[in-house]
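Q: What shape does this take:
(one chain, ligands or ions: 1)
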Amino acid sequence: MRFPSRATGDGASLITGYKLKSLRDKFGTGSATQFGTGSDRNSAKRFCAATATQRPPHQTDNPSCPPWIVVHFGIPIFSPPQRPANAIIQGPVNRSLITPKTAVPLDPKLVTRRSFLRRGAVATVAGLGIYAFGIEPRWVSVDHHDLPIPDLPDHLVNATAIQISDLHVGRGVEESYLRRQFDYIDALKPDFVFFTGDYLDNATQWHTDKGIKLLSHMPRGKLGTACVLGNHDYGGSTPKVAKNAPNTERLINAFEDQGLNLLINDAVELSGLNVVGLPDLWYGNFWQGSFQKDFARDLIASTANSGATITLSHNPDTADLPIWDGYQSWILCGHTHGGQCKFPIIGAPRLPVANYNYVSGKYQIEGGHKMYINRGIGHSARVRFMARPEITVFRLTSAGKQAKA
Ligand SMILES: [Fe+2]
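A: Just a heads-up that it's a prediction; the model follows:
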């Protein structure tokens, strides 16, 4: 009987022609029957004894043959080497004995999946950081919208009105950047310019001096300009903590000296368009021991009854005050900076308003009045994400006649 060339018998052992040839070369030709005889059994034993020194060190159970040779009925049969089971599988690994070491690949071409992902994550974070801190805060968007106004005189249909807001003159917003925006607006030659507060970032002496110096460059409308103040013009970023009032007074006087129509609970008529300016909700004279709603409500009602009207108010929360009885036109606001940083799904995580619906853009408010929130040109902290700085260009259109109260 000749040796087979493939595994047979119990199925667990494998005989290859190559291995058998080696065996024949070492112990002479023969057959299984011959190996099964006494002399051949001795040959098998000699083979096992001769190759026992080749046993891998992990094999501690010391049979007389190397692990890849098993003897069936005196026949040495090749068996594939077994996994060093004792070292890997048996028993839990004592991880406390393993202290990870810093290891640097010596082959510079070796990029593991983990290192590839790590480098990609670092590059993504760095890219987003450069964009949010370096690019978007100076990447001004010019947004165009129609503004339908009740009782708009015919000569103002298709007139242009530009809204700017939240300049935050100070250390974080360089003068050259603001001057470029002013020059851009001047080049558009708008009919109206409306400014909706936070001219200064703070009301310190330094900020106020810097702001007053820049005020002469504020863009103007051909038919008129009107402005209101915001909470930062009073020196505060939290409600009802008034400070630096003398500097605010200097700023108010400077606006008046420049003929910019700064309106604090006041109204002005500009070539047939009434403009109402509300005080800042946090610092203005809405609050003087109690809520001074009656003055604003009477002002809005009387002005709106006298013709086409737009209202300027820094803080969008004023849209929710009980002062808009019958008002059907627009309130132009700022203050939120569009959230400054917005994210997909969650939106803006931080907004300085009581009504978190008010972020940016157009709103139809319950009661009939409408609101537009401008994202501002400047900022306090220089970071913006998905909330680019904004210059808004409105085209005035007619919304028909409004019934008088
Ligand atoms: Fe602001």
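
Q: Who are the contact partners of residue 295?
A: Listed by CB atoms under 8 Å, 6 or more residues apart in numbering, the contact partners of residue 295 are residue 265. C-beta: built from backbone N, CA, C; applies to glycine.

Q: The residue in the stretch 1-150 of the chain that the ion sits nearest to in helix, strand or coil?
A: Nearest residue of the stretch 1-150 of the chain to the ion (CB to the ion) works out as residue 137 at 13.2 Å. Secondary structure state of residue 137, per DSSP: H, G, I helix; E, B strand; the rest coil, is helix.

Q: same thing with residue 134?
A: Following three-state DSSP, residue 134 is assigned to helix.

Q: That one - how many residues pack around it?
A: 12 (other CB atoms under 10 Å).

Q: same check, this time on residue 263
A: Residues near residue 263, counting by other CB under 10 Å, number 22.

Q: From the ion, how far off is it?
A: Computed as CB to the ion, to the nearest Å, the residue 263 to the ion distance reads 18 Å.

Q: Test my guess that that residue contacts residue 277.
A: Yes - using CB atoms under 8 Å, residue 263 is in contact with residue 277, at 2.2 Å.

Q: Give the residues shared as contacts by the two.
A: Common neighbours of residue 263 and residue 277 (CB under 8 Å, 6+ apart) are 226, 227, 228, 312.

Q: and of the residues you listed, the nearest to the ion?
A: Ranked by distance to the ion (CB to the ion), these are led by residue 228 at 12.3 Å.

Q: contacting residues for the closest one?
A: With CB under 8 Å, 6+ apart, residue 228 has these contacts: 195-197, 262-264, 277-280, 312-314.

Q: mind running it again at 10 Å?
A: 165, 194-199, 255, 261-266, 275-280, 284, 311-315, 332-334 (CB atoms under 10 Å, 6 or more residues apart in numbering).

Q: Generate a ChimeraX selection restricted to the buried subset of the residues you listed.
A: Buried members of the contacts of residue 228, defined by 16 or more other CB atoms under 10 Å, are picked up in ChimeraX with:
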select :165,194,195,196,197,198,199,255,261,262,263,265,266,275,276,277,278,279,280,284,311,312,313,314,315,332,333,334
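
Q: Among the contacts of residue 228, which lie within helices?
A: In this view, these that belong to helices under DSSP state H are residue 255.

Q: Which of the contacts of residue 228 fall within strands?
A: 194, 195, 196, 266, 275, 276, 277, 311, 312, 332, 333 (DSSP state E).

Q: Tell me the spacing between the last one and residue 339.
A: When distances are taken as CB to CB, to the nearest Å, residue 333 and residue 339 turn out to be 14 Å apart.

Q: Residue 154 now?
A: Distance of residue 154 to residue 339, given as CB to CB: 38 Å.

Q: Compare the two and say which is more crowded by neighbours.
A: More crowded of residue 154 and residue 339, by other CB under 10 Å: residue 339, with 22 against 7.

Q: Which residues of this protein lie near the ion?
A: Proximity of the chain to the ion (CB under 5 Å from the ion) is limited to residues 166, 198.

Q: Got the phi and psi for the residue positioned nearest the centre of the chain?
A: Residue closest to the average C-alpha location in the chain (CA atoms, centre = their mean): residue 343, at 4.5 Å. Note on residue 343: its backbone torsions stand at phi -130, psi 150 [degrees, to the nearest 10].
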